[in-house]
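Colleague: Structure of the sequence below:
(2 chains)
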Amino acid sequence: MSQPVIPELSKADQNRLAQSGIDLTMKNRCGSYLQMDQDIVHAECGQEGIEILSYKKAMEKYNGLKEYAWNVVSPEKDEITKYVAAQKEPKGYVIIAHKGSNNIFPIQACLFLGREQIQHVHNIIIAEEGSELHIISGCTSGEHVGEGGAHYGVSEFYVKKNAKISFTMIHNWSENIEVYPRSASIVEENGIFLSNYVCMQPVKKVQMYPTANLTGANSVARFSSIVISTPGSHMDLGSRAVLEAPGASAELITRAITKGGTIISRGHINGKVAGTRGHLECKGLILQDGVIYAIPEIEGSVVGTELSHEAAVGKLARDEIEYLMSRGLDEDEATATIIRGFLDVKISGLPEALQQQIDASVDVAEKAGF
Amino acid sequence: MLHIEHLHVNVGDKEVLRDINLHINEGETHVLLGPNGSGKTTLLMTIMGFTNYTITGGKILFKGEDVTTMHAHERAKRGIGMLFQRPPTISGLKLGKMLTAISRTKKENIPELAKSVHMDKFLERDINKGFSGGEIKRSEVLQLMIQNPDFVMLDEPESGVDLENISLIGTTIGALLEKDKHLAKRKKSGLVITHTGYILDYLDADKGHVMCDGQIRCHGNPREILKDIKQRGYKECLECRNQ
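Modeller: Next up, the predicted model:
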């Protein structure tokens, strides 16, 4: 497997990439896609049965990917999708796990915003029947994005029968970047879709509301979000699961901390047929005055769909802090230990390497004193 | 080891402890008896340094040092430890992670210690979340084993615990208090709240105190006091202030 070709990056930018889960040495990665602004600098996978192609090459090779491109996300959805759809030279990646393939080590997709005002991507991820695909997407900006910028990203996921996709996105932008992911998935019979989102660093604005359409019997979707919002950050986050087949189930979990920023945590589970289950959970901690606005929605329209939600927003409990202090931890240590536990979401079915990457992102925030 | 002089404590605006005087020597274990709501837990929480308990008068000396205004962690570092009757549940914080965090020497074999109190399967569980009464107490004992305090306060260690587990907890606490050592060699001290007295089978307590209405009313042989209370209840203790 060849080393990815990376344009010269400062040490600081390399560190920012590493904090986004991108390993430039390719250790424990089976393939990479790297896009710096609008330049695709690397797209390669050494794993048999799994392809990584630039969007353009994939369109050429697979006759326009007619079944997949702009199928689950509408180009007319909003201004962001219209902008991406209007590009004469679309960028982004297509990852296909062919039938029965399986990657033990994840593929890493790096979207780096260096100097451009707007970076746009259109990604398509397909896990064919019986395949298993794990992706870590590290999104970051360079230290030289002085005047700010924006990232517009459309992602379409297709989880076929008995297939599995885990998609772990780690955002590590800056105070002057706006981010507008637009993504949706279709999960077929016995398919599993795990979508994890981690943002521990400042960002000007994030707005996203990915949707999983569970069209196959016994399909599963799990969305997990772990976010910290600092002053000046506005994070409008959500996830939606539409349960359209018997046995389909969804779990939407959010851990949100504000240190002065705004977090809107939306969630919507729609149980459309009998024999479906869904649970939505949002827990928020207000460490410094800011906003956590949880909007959980559960919608059932038939007998036999079981949906629940749990939302709580509060402060650190004094009795918990003092309990740890009575064991010898000082107040700061006790506080950090409790916050670390609060953010400790273990995601069922996620490979250890990716769980470690999520934990590492929280570690960085912990070392900085949350 | 512990010396309390004329201690007055408020919870909110209400005075809960009044003029408490208590002296516990090195190697001694004392028992605190009294009806519900008499202030026993308040005394332990105050000695531990919980901020909800405001000291309005008097002082607490530990190993000769005035700890009255110290934070809980400073007291813990000096060797005060407590087994809580109802410790909080901390969502997300795993018992194993907490034990690692509180381990002073970092040399303790946590899985081995956990196994000794049948808590090895709980190390990856959120602290106290869904724990039974006995599991909570075993978790508390395990934390104390890691902490290894010189002065151990036990708030009803047998409540909610079945007989089999009382034996395990009692034996382990006995070891923490060096009850397996000769009297002259014991360095650890303890203060135990109990209602049933079952735990005393393992702790060999030296002195007993009865607390009523926020005051320590009498002192004596712990087993005799307990026997008396079992026969007569606390009625006479409550009337005692009028004498």
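
Colleague: So which bits of chain A are right by chain B?
Modeller: With CB under 8 Å from any CB of the partner chain as the criterion, chain A meets chain B at residues A:283, A:317-320, A:322-331, A:333-334, A:337-338, A:340-345. C-beta coordinates here come from the backbone N, C-alpha and C atoms, glycine included.

Colleague: Surely B:L93 and A:A336 touch.
Modeller: No: applying CB atoms under 8 Å, one finds B:L93 not in contact with A:A336, separated by 10.9 Å.

Colleague: Compare those two (neighbour count), which wins?
Modeller: B:L93 (24 against 19; other CB atoms under 10 Å in any protein chain shown).

Colleague: secondary structure element for that one?
Modeller: According to DSSP states H and E, B:L93 maps onto strand B:90-94.

Colleague: can you list contacts of that strand?
Modeller: Strand B:90-94 is contacted by residues A:283, A:320, A:323-324, A:337-338, A:340-345, B:98, B:123-129 when judged by CB atoms under 8 Å, 6 or more residues apart in numbering or on different chains.

Colleague: Buried only: go through those residues for me.
Modeller: A:283, A:320, A:323-324, A:337-338, A:340-345, B:98, B:123, B:125-128 (16 or more other CB atoms under 10 Å in any protein chain shown).

Colleague: Among those, which lie within strands?
Modeller: A:K283, B:D126, B:I127 (DSSP state E).

Colleague: Surely A:V303 is in a strand?
Modeller: No: looking at A:V303 with DSSP: H, G, I helix; E, B strand; the rest coil, it is coil, so not inside a strand.

Colleague: Once you drop chain neighbours, what's closest to it?
Modeller: Closest residue in space to A:V303, ignoring its immediate chain neighbours: A:A274 at 6.1 Å, by CB to CB, 6 or more residues apart in numbering or on different chains.

Colleague: can you pull the contacts of the one you found?
Modeller: Residues counted as contacts of A:A274 (CB under 8 Å, 6+ apart) are A:P246, A:V302, A:V303, A:G304, A:T305.

Colleague: so the fourth one makes contact with A:G275?
Modeller: In other words, A:G304. Yes: if you go by CB under 8 Å, A:G304 and A:G275 touch, sitting 5.5 Å apart.

Colleague: Tell me which of these two has more neighbours.
Modeller: Higher neighbour count among A:G304 and A:G275: A:G275, with 17 against 12, using other CB under 10 Å.

Colleague: next one: phi and psi at the closest residue in space to that one that isn't next to it in sequence?
Modeller: Nearest residue to A:G275, sequence neighbours excluded (CB to CB, 6+ apart): A:P246, at 3.9 Å. Here is the backbone geometry of A:P246 (degrees, to the nearest 10): phi -60, psi 140.

Colleague: residue contacts, A:P246?
Modeller: Counted by CB under 8 Å, 6+ apart, A:P246 has contacts A:A217, A:N218, A:V273, A:A274, A:G275, A:T276.

Colleague: How is the first one assigned, secondary-structure-wise?
Modeller: This means A:A217. coil.

Colleague: hang on, isn't it packed against A:N190?
Modeller: Yes: applying CB under 8 Å, one finds A:A217 in contact with A:N190, separated by 7.3 Å.

Colleague: sorry, back to before: how much space separates the residue nearest to A:G275 from chain B?
Modeller: Distance from A:P246 to chain B, counting by CB to the nearest CB, to the nearest Å: 31 Å.

Colleague: in the chain, which spans are helices?
Modeller: Went with chain A since none was named. A:11-19, A:55-61, A:79-85, A:318-325, A:331-342, A:352-367 (DSSP state H).

Colleague: should've been chain B
Modeller: B:40-48, B:72-78, B:95-102, B:110-116, B:133-147, B:163-176, B:200-203, B:222-232, B:235-239.

Colleague: On the pLDDT front, check the closest residue to chain A within chain B for me.
Modeller: Nearest residue of chain B to chain A, counting by CB to the nearest CB: B:L93, 3.0 Å away. Note for B:L93: predicted pLDDT of 94.

Colleague: List, one by one, the residues from chain B near chain A.
Modeller: Counting by CB under 8 Å from any CB, chain B sits next to chain A at B:48-52, B:71-73, B:75-77, B:81-82, B:84, B:87-88, B:90-94, B:97-98, B:101-102, B:104, B:126, B:143, B:147.

Colleague: OK, contacts around the closest residue to chain B within the stretch 201-350 of chain A?
Modeller: Nearest residue of the stretch 201-350 of chain A to chain B, counting by CB to the nearest CB: A:G341, 3.0 Å away. The contact partners of A:G341, taken as CB under 8 Å, 6+ apart, are B:I90, B:S91, B:G92, B:L93, B:K94, B:K97, B:D126.

Colleague: Determine which two of the residues you listed are furthest apart.
Modeller: Taking every pair in the contacts of A:G341 and measuring CB to CB, the maximum separation is 12.7 Å, between B:S91 and B:K97.

Colleague: got the contact list for residue 122?
Modeller: No chain was given, so I picked chain A. So A:H122 contacts A:Y55, A:A69, A:V84, A:A85, A:Q87, A:P90, A:K91, A:G92, A:G153, A:V154, A:S155 (CB under 8 Å, 6+ apart).

Colleague: Chain B, not that one
Modeller: By CB under 8 Å, 6+ apart, the residues touching B:F122 are B:L95, B:A114, B:F131, B:E135, B:S139.

Colleague: same deal with A:N172?
Modeller: For A:N172, the contact set (CB under 8 Å, 6+ apart) comprises A:R16, A:Q19, A:S20, A:G138, A:C139, A:T140, A:S141, A:C199, A:M200, A:Q201.

Colleague: quick one: which of these is nearest to chain B?
Modeller: So of the contacts of A:N172, ranked by how close each gets to chain B (CB to the nearest CB), first place is A:M200, at 15.7 Å.

Colleague: if I read this right, that closest one contacts A:I228, doesn't it?
Modeller: Yes: using CB under 8 Å, A:M200 is in contact with A:I228, at 5.0 Å.

Colleague: Can you list the low-confidence ranges for the chain?
Modeller: Because you didn't say which chain, this covers chain A. A:1-7, A:144-146 (pLDDT under 70).

Colleague: switch to chain B, that's the one I care about
Modeller: B:237-243.

Colleague: hmm, who's touching stretch B:200-207?
Modeller: If you take CB under 8 Å, 6+ apart as the criterion, stretch B:200-207 is touched by B:28-31, B:167, B:170-171, B:173-174, B:177, B:179, B:190, B:192, B:194, B:219-223, B:226.

Colleague: What is the end-to-end distance of that stretch?
Modeller: Length of stretch B:200-207, first residue to last, CA to CA, to the nearest Å: 11 Å.

Colleague: same check, this time on stretch A:235-253
Modeller: From its first residue to its last, stretch A:235-253 covers 16 Å (CA to CA).
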